[in-house]
Structure formats: C-alpha cells, structure tokens
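1. Quick one, what's the 3D model for this:
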Amino acid sequence: MFRLNHCLRGVRVLDLSSYLPGPFASQVLADFGAQVVKIEPPQGDGMRLLGPRDADGTPAFHAALNAGKTICRLDLKSDAGRRRLDALLVEADVLIEGFRPGVMGRLGLGWNDLCAVHPRLIYCSLSGYGLAGPAEQRAGHDANYLAMAGVLHRNGRPPRFFDPPIADMTSGLYAVIAILGALEARRRDGRGCHIDLGIADVAMPLQSFQIAALGCTGSPQPETTYLNGGAAYYRVYGTKDGRHVVLGAVERKFWQAFCRAAQRPDWVARHGEPIPQTELMGEIGRFFADLTAAECDARFAAEDCCVTLVLDLAEAVATPHHRERGIVRRDGQGHTQVLFPARVDGEAPTPRQDLTETGEARWACETSPA
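-> All right, here's what the predicted structure looks like:
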C-alpha cells in the first residue's frame, strides 16, 4: 500500500458536510489513511444532483469526492438517526460539518454539546463566512467569496471568477492543515478543540504579497502587476492558428533565454521596463501571432525559457508528464480519479478504491453506494 495511506491509520473521521469544501477535506484525510464515514441525509448529498453522470449512471462529481469513504445515510432529526450518530461519535477522532451557523446547535450537535461528552473530539466547522461576524448567515459560493476578498477585482476586465473554485478547494486544504495540527496537539495534551473556518477567509492568506504591498502601491488594478497581466514577460499570447501560449519568463535568465530563442536580442534590456509594459506586450503579441502553436513548440521546447502551450483538460491529462506522474488514474470500475499529488519513497499514489480493500475491519456503519 502507498505509504502515505498509513500516515493517519487508526484516525476516524465523521464527515457531516456536503458539496465540495468539507468532502474535499475528508477525502484528503482518507488519502492519508483515516477511516472516513460520510453522513448524508436520507436523500443523499446534494452533490449527487450536480454535474454529469458516468455511463453506469454514477454522479461523477459526487463519486470523485467520496471514493474511499463509507457513506452512511441518516436522518439526524430522528431518534434512530441520532442514536446511530451517537454510537459513531464514541469512536470518532474528528468531526467535519458544513452547515449554516446555528444548525448543528439546533440539532443538539454543536461544539458545546459534544465537547462535554467527547472531550478528545476535534470538531471542524466549515461555513461560508465563519461562525461569528456580520456576514455569518449570508449565503455564498466561490465567486462571492473571491469578490469579497478583493481577488476578482484585479483579474480581468470585467472581473472573472475561476475554475477550479479557489476558495472552496483551498478551504478544504486549510481544514486538513488545521485538523492535522489539532491531532498533534491532542497527542500531547489529550484535548480536542473547535476549528472555525470561514471559506471567505481563505483567500486572504493567498494574497500575502498583495496585502503586504497595499501600503506601498495601494490596491492593485487589472494589468498593473506582473501576476495579473501587467508584465510582457508573464502573459498569455495568441498564436497564428487560434491557440495560446503562456510566457512565464519572470527571472532574467529565463527572459534572456526567451529573447535568444525568439532572435530578439533588442528585448533583453527591456525586462525591467515599468509595468504595465504595454508597448513590449504589443511587440511580443505580434511576434507570437506570426507563429502557429506547432512552430512555437519547435522553437521554444528545447529552451529553458518558460514558454508553454495552453492545453485544454483532455490534452493536459494525456501529456507524458501527467501520465508518468500517475496522479490521474482510473479505478477498477472505470471511474477517473485525481489522486494526492505526491510520491512517497518514489511510489505513486494508489487509486482510492484500493484503500478500503485491505481486509481490515471497517468502522461499523451501514453503507450505501457512493
């Protein structure tokens, strides 16, 4: 078994969340070897209704997020459902929930309710705007969170949100980091804790450079920094045949290599021109517009100058790099999985269906297909 899958062996996680952030967090914990029981309402997670279905009718998005977990459908408002959950809580190390603030408390499952009975429980609340603050009851999705965080403003005219959803995915990763830290603290002092993680908050630490520069340059505007299209050396350009390439020659050595391959030595000294580098952008844009994508590849592929063809997703998955690294794999049922992006001791990740086929006793729970 992939060694990474042993890191959290013996840790038991109850995931009461739905859709993306919480289930993504519990999936990463499962990849590290935790046993995850995902509690869904009787009708199932709403993610089952979103997105396409595989040839066998499986909801592709839901399956992608929940492979390797045990799915348990419970009505938490019923006596039977609560008894079942209470039995699971006795053995749980971690609980993840993604309800609106106050919902878990009304169910009698809030932090104050559970910590008195389960003092070692690590309780992670993932909500849109956190459990306390002026926006705590507001609804939101990834684009709302990025808009509120000042991210969308500077990324395009008009502002454009992102695919994949940055705040949603990053909040799941921050939840994992916090849970791992809490598990280590509990190992030392024996106490659980409550983690309050607002999805709208996670975009702020991703902007450490920009926030640090606020006092120096003010709020960055579209195409006024090298990270948002203001630099000619870090920008997307169109090719003659309607494709696009990215030039990412931030460091001078890469810029010099690019200029050498482009046979434009007159550009070398212009790397440090004030941003926005509008005139230089135009010259480089016209240069790439005279080349097809294949001609760009032929000219720059052998040069260490950070020129990359913009691929669509099908092309990206088929590249030798991604095939060799083994991050995108098919499980035994033909479903495509994106696995944890790290090798341990040189070993590539294992498809998630294999994680639950070890012959070990699974955490007792009535299961339903993922």
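2. contacts and neighbour counts: CA atoms only from here.
-> Will do.
3. tell me the contacts of residue 233?
-> 247, 248, 249, 250, 255, 271 (CA atoms under 8 Å, 6 or more residues apart in numbering).
4. For residue 91, state which of those residues is nearest.
-> residue 248 (49.9 Å; CA to CA).
5. Please report how far residue 279 lies from residue 267.
-> Counting by CA to CA, to the nearest Å, the gap from residue 279 to residue 267 is 11 Å.
6. With neighbour numbers in mind, choose between the two.
-> Ranked by neighbour count (other CA atoms under 10 Å), residue 279 and residue 267 place residue 267 first, with 17 against 11.
7. close enough to count as contact, the more buried one and residue 260?
-> No. Using CA atoms under 8 Å, residue 267 is not in contact with residue 260, being 9.3 Å away.
8. And the pLDDT at the nearest residue to residue 168 once chain neighbours are set aside?
-> Nearest residue to residue 168 in three dimensions, chain neighbours excluded: residue 21, at 5.2 Å (CA to CA, 6 or more residues apart in numbering). You'll see residue 21 listed with a pLDDT of 96.
9. where does the stretch 1-150 of the chain dip in pLDDT?
-> 1 (pLDDT under 70).
10. can you map out the helices along it?
-> For the stretch 1-150 of the chain, applying DSSP state H, counting those that start in this stretch gives helices covering 21-31, 60-66, 79-91, 103-106, 111-117, 142-148.
11. Quick one: closest of those to residue 135.
-> The minimum distance between residue 135 and these falls on helix 142-148, with 10.9 Å, by CA to CA.
12. got the angle for the helix or strand following the closest one vs helix 21-31?
-> Beyond helix 142-148 on the C-terminal side, the first helix or strand identified by DSSP states H and E is helix 166-189. Comparing the axes of helix 166-189 and helix 21-31 via axes from the mean of the first three to the mean of the last three CA atoms, to 10 degrees yields an angle of 50 degrees.
13. Just give the strands next to the helix or strand that comes right after helix 166-189 in its sheet, each with its orientation.
-> For helix 166-189, the following helix or strand on the C-terminal side (DSSP H and E) is strand 193-198. Strand 193-198 sits in its sheet next to strand 122-127 (parallel), going by DSSP bridges.
14. For the partner strand, which outside residues touch it?
-> 21-22, 93-101, 111, 171, 175, 179, 182-183, 192-199.
15. of those, buried ones?
-> 21-22, 93-98, 100-101, 111, 171, 175, 179, 182-183, 192-199 (16 or more other CA atoms under 10 Å).
16. Could you list which residues are in contact with residue 236?
-> For residue 236, the contact set (CA under 8 Å, 6+ apart) comprises 229, 244, 245, 246, 247.
17. Secondary structure of it: a helix, I assume?
-> No. Per DSSP: H, G, I helix; E, B strand; the rest coil, residue 236 lies outside any helix segment and is strand.
18. bridging residues for it?
-> Under the criterion used (DSSP bridges), residue 236 bridges to residue 246.
19. Could you tell me the model confidence score at it?
-> Looking at residue 236, the pLDDT reads 97.
20. and the most centrally placed residue in the chain, what pLDDT?
-> The chain has residue 169 as the residue nearest its centroid, 3.0 Å off, counting by CA atoms, centre = their mean. Looking at residue 169, its pLDDT reads 96.
21. how far away is it from residue 28?
-> From residue 169 over to residue 28 (counting by CA to CA), the distance is 11 Å.
22. What of residue 211?
-> As judged by CA to CA, residue 211 and residue 28 stand 29 Å apart.
23. With residue 208 instead?
-> Residue 208 is 25 Å from residue 28, by CA to CA.
24. from the contacts of residue 236, which is closest to residue 5?
-> residue 246 (35.9 Å).
25. Per-residue pLDDT of that closest one, please?
-> Here the pLDDT value assigned to residue 246 is 97.
26. pretty sure it is touching residue 311, no?
-> No. Counting by CA under 8 Å, residue 246 does not reach residue 311; the two are 10.3 Å apart.
27. More neighbours: the two, which one.
-> Legend: neighbour count by other CA under 10 Å for residue 246 and residue 311, higher for residue 246 (16 against 13).
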